[in-house]
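Trainee: Sequence plus the predicted model coming up.
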Amino acid sequence: MSHLRTEGLSCAIAGRILLSDVDLDLAQGQMMALVGVNGSGKSTLLRTLVGLQAPAAGRVFVHGQDLHALRTRERARRVAYVPQEEQPPGELLVGEMVALGRVPYRPPWALRDTVTERDTVVRALDAVGLVHVLDRPCDQLSGGERRRVLLARGLAQECDLLVLDEPTNHLDVRHQVQLLQTLRATGRTVLAAMHDLSMAAAHFDEVAVLHKGTLHVLGPPRQALEPDVVTRVFEIDATRLADPATGREHLVLGPGMPALTAASVSGKAPEPRTHQAREDHR
Ligand SMILES: Nc1ncnc2c1ncn2[C@@H]1O[C@H](COP(=O)(O)OP(=O)(O)OP(=O)(O)O)[C@@H](O)[C@H]1O
């Protein structure tokens, strides 16, 4: 059975339809990346999927239940959403910020649930490698640390569905990889807006490409991120190169990229660039 499914979903902002007829289907434990150019509607779609915005048409189902028919607290127990940007209040301690993920489980008017909360908060911070800042005020964090704290709050919500808007933003490359591996290790269902197509290809089961107001392509990374698709959607040269050592294919982006050579396909290492060639390039 699907974990998250949309049926003919359309999203609008200020009465303007941004996306039409989006049909997504994520199985339990599946990781799907949502890609598209700036302004293509990724955040709007995610906000609609988690119930922060009403659909212009269509429906969203979580485990077969219409998400928009659920009460807010019930929704927050089923799907954790981490927005693209959020500035936590300065004096709030990191632990307190992450504990906000537990609010949907607290009895009404309860300020805190001290019995289980601290363990959950520590576990969530541990998953993003930030237990050591538990008692630090949020305004003493770097951009990347703040981002990871927000993700920890999402993890502390303990929903088996995570909807993340650019989770790797501001993270250095090691922390990007670590985060995506951590998400995979949790076994949770993940839908994440991503800008880094290589990360999307390497860490996600499926990629959904938004283009010109529609879900343009949806499929496994190799199919959804075909160089043709990438060029059409992002208006950038794209090709695939095989790593001679591993045989693994990588998407190479940008003008002036090397053409796919017989050597790269056969696995033979390309000639190293000479010093003179580098000089010429300057
Ligand atoms: N509150 C708003 N009022 C009017 N237009 C808006 C509003 N919020 C977003 N938009 C517009 O809606 C479009 C889609 O925005 P959205 O944030 O969903 O795109 P995105 O794909 O997430 O972009 P990015 O990659 O830059 O984060 C953009 O053209 C944006 O300018």
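Mentor: Thanks, I have it.
Trainee: quick one: low-confidence parts of the stretch 151-282 of the chain?
Mentor: The stretch 151-282 of the chain contains residues with pLDDT under 70 at 256-282.
Trainee: Next, the residue of it found nearest the ligand: phi, psi?
Mentor: Closest to the ligand within the stretch 151-282 of the chain is Ala193: 6.2 Å, counting by Cβ to the nearest ligand atom. Every residue, glycine included, has its C-beta placed from N, CA and C. Dihedral pair for Ala193: phi -70, psi 130, per degrees, to the nearest 10.
Trainee: and Val82, what is it in contact with?
Mentor: Residues near Val82 by Cβ atoms under 8 Å, 6 or more residues apart in numbering: 150-151, 153-154, 162-165, 167.
Trainee: would you turn these into JSON lines with distance to Val233 and secondary structure?
Mentor: As requested, these are exported to JSON lines (distance: Cβ to Cβ, whole Å; DSSP: H, G, I helix; E, B strand; the rest coil):
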{"residue": "Leu150", "distance to Val233": "28", "secondary structure": "helix"}
{"residue": "Leu151", "distance to Val233": "27", "secondary structure": "helix"}
{"residue": "Arg153", "distance to Val233": "32", "secondary structure": "helix"}
{"residue": "Gly154", "distance to Val233": "28", "secondary structure": "helix"}
{"residue": "Leu162", "distance to Val233": "25", "secondary structure": "strand"}
{"residue": "Val163", "distance to Val233": "22", "secondary structure": "strand"}
{"residue": "Leu164", "distance to Val233": "21", "secondary structure": "strand"}
{"residue": "Asp165", "distance to Val233": "19", "secondary structure": "strand"}
{"residue": "Pro167", "distance to Val233": "21", "secondary structure": "coil"}
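Trainee: quick one on the thing from earlier: setting the sequence-adjacent residues aside, check what's closest to the residue of the stretch 151-282 of the chain closest to the ligand.
Mentor: Excluding its sequence neighbours, the residue lying closest to Ala193 (Cβ to Cβ, 6 or more residues apart in numbering) is Lys42, at 4.1 Å.
Trainee: What does that neighbour show for phi and psi?
Mentor: Dihedral pair for Lys42: phi -60, psi -50, per degrees, to the nearest 10.
Trainee: With that, I have no additional questions.
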